[in-house]
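In: coordinates only, sequence not included:
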């Protein structure tokens, strides 16, 4: 999908910056090219402000995942939770899109960028497994902060490897958000009450962060190939669910049989997956990958609040300082520059 320059002057990872003269840029502002409609049929590409709020809303929904797992499926293996979430959310969204006549867009992604589809499926699967495993091992707040807090650094690294230099504002925002995540990581009270942050859980979170940065980058390539954002999400999560199908066949799914389990499964599939990633994809249309990844640090903020208020995890004063740094980073990266 074609793109426009972001407010920082950067171009998305995986897209080509069109040739333009300095005179044209000064007189006309950032170059823009027409784009197809995205999440809802007939709705044009959102502006930077709308895209920013879409990503923040998506990140807030994702912030409920860890709490939903710990309260609604406390005995379930993280892999089965990931499988139910992926297959349920992906299939629901896929059926809705096909019924709405969006199959040509879905086919465009499969034909135009098959390897990007595969990479997106694998990366989102690894992210979910690493993230939910980390949450189970070290608690909702710390597990989320390690996974999501490390993602901007990974995305920035991928940008450098792809020959893209993130802008100064992204660097400042990411330094603030990573510093906030580091403070929370250093604060023992960020974990579950009485729980010592284990090496395995931290490593699982770091792997999840790398996978998430990869997914963001690959998603840019996927929508650039002609798929709209919602079609890319449907393909990615349906594929992830199929990849995890052996887990559903061999794993213990008794938790889904209870009323609480049913509500949890539906929330994970519809709220955090179908709706969450449609909002996320809408943001991808107007923002570059490093910016999107940094905005999603709203997820650990939401997760931390829920962990403290609902799950009962403790957060000491140092943890709140870390949360404040995360908010500062979000304000910097989300601020609109210019008219």
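Out: Arrived safely. From a predicted model like this one, the values you see are computed outputs, not experimental measurements.
In: Run through the residues that contact the residue nearest to residue 132 when sequence neighbours are not counted.
Out: The shortest distance from residue 132 to any non-neighbouring residue, by Cβ to Cβ, 6 or more residues apart in numbering, is to residue 78 (3.5 Å). For every residue, glycine as well, the C-beta is placed using N, CA and C. By Cβ atoms under 8 Å, 6 or more residues apart in numbering, the contact list for residue 78 reads 69, 129, 132-133, 135-136.
In: so what pLDDT did residue 78 get?
Out: pLDDT, residue 78: 92.
In: Please apply the same query to the one 5 residues further on.
Out: In the predicted model, residue 83 carries a pLDDT score of 94.
In: ok, now the one 10 residues further on?
Out: Turning to residue 93, the model gives it a pLDDT of 90.
In: What of residue 284?
Out: 76.
In: Was I right to think it contacts residue 218?
Out: No: using Cβ atoms under 8 Å, residue 284 is not in contact with residue 218, being 10.9 Å away.
In: ok, residue 171 - how many residues close by?
Out: 15 (other Cβ atoms under 10 Å).
In: Name the helix or strand for it, please.
Out: helix 168-186 (DSSP states H and E).
In: moving C-terminal of that helix, what's the next helix or strand?
Out: According to DSSP H and E, the helix or strand after helix 168-186 is helix 199-224.
In: just for this structure, where's the confidence low?
Out: Confidence mapping of the chain against pLDDT under 70 gives the ranges 1-45, 181, 184-198, 226-227, 289, 293, 315, 319, 330, 333-339.
In: where do the strands sit along it?
Out: Using DSSP state E, no strands are assigned anywhere in the chain.
In: which two in the contacts of residue 78 are spaced the farthest apart?
Out: Using Cβ to Cβ, those reach their maximum pairwise distance at 69 and 129, which is 12.4 Å.
In: Now do residue 142 against residue 96, distance only.
Out: Noted for residue 142: a distance of 35 Å to residue 96, by Cβ to Cβ, to the nearest Å.
In: Would you mind telling me which of the two has the busier surroundings?
Out: Higher neighbour count among residue 142 and residue 96: residue 142, with 35 against 14, using other Cβ under 10 Å.
In: Could you count how many residues lie near residue 199?
Out: By other Cβ under 10 Å, neighbour count at residue 199 equals 9.
In: how near is it to residue 137?
Out: For residue 199, the distance to residue 137 - Cβ to Cβ - is 9 Å.
In: Now residue 251: phi and psi?
Out: The phi/psi pair for residue 251 (degrees, to the nearest 10) reads phi -80, psi 170.
In: unless I'm mixing things up, it is touching residue 81, no?
Out: No: using Cβ under 8 Å, residue 251 is not in contact with residue 81, being 9.6 Å away.
In: Quick check on these two: which one has the bigger neighbour count.
Out: residue 81 (27 against 16).
In: Which residues lie in contact with the more buried one in this structure?
Out: 69, 73, 132, 268.
In: List the residues that contact the third one.
Out: With contact taken as Cβ under 8 Å, 6+ apart, residue 132 is in contact with 65-66, 69, 78-79, 81-82.
In: mind giving me CSV with the residues you listed and columns for distance to residue 209?
Out: As requested, the contacts of residue 132 are exported to CSV (distance: Cβ to Cβ, whole Å):
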residue, distance to residue 209
65, 15
66, 15
69, 18
78, 16
79, 19
81, 19
82, 16
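In: farthest-separated two in those?
Out: The most widely separated members of the contacts of residue 132, counting by Cβ to Cβ, are 66 and 79 (15.1 Å).
In: Looking at these two, which one has more neighbours?
Out: Between residue 66 and residue 79, counting by other Cβ under 10 Å, residue 66 is the more crowded of the two (29 against 19).
In: ok, how many other residues are close to the residue lying closest to the more buried one once chain neighbours are set aside?
Out: Spatial nearest neighbour of residue 66, chain neighbours left out: residue 140 (3.8 Å); criterion: Cβ to Cβ, 6+ apart. Burial of residue 140 is recorded as 31 neighbouring residues (other Cβ under 10 Å).
In: my guess is residue 140 contacts residue 68, does it?
Out: No: counting by Cβ under 8 Å, residue 140 stays clear of residue 68, with 9.6 Å between them.
In: just to revisit the earlier point, what is the nearest of the contacts of residue 81 to residue 171?
Out: residue 132 (30.5 Å).
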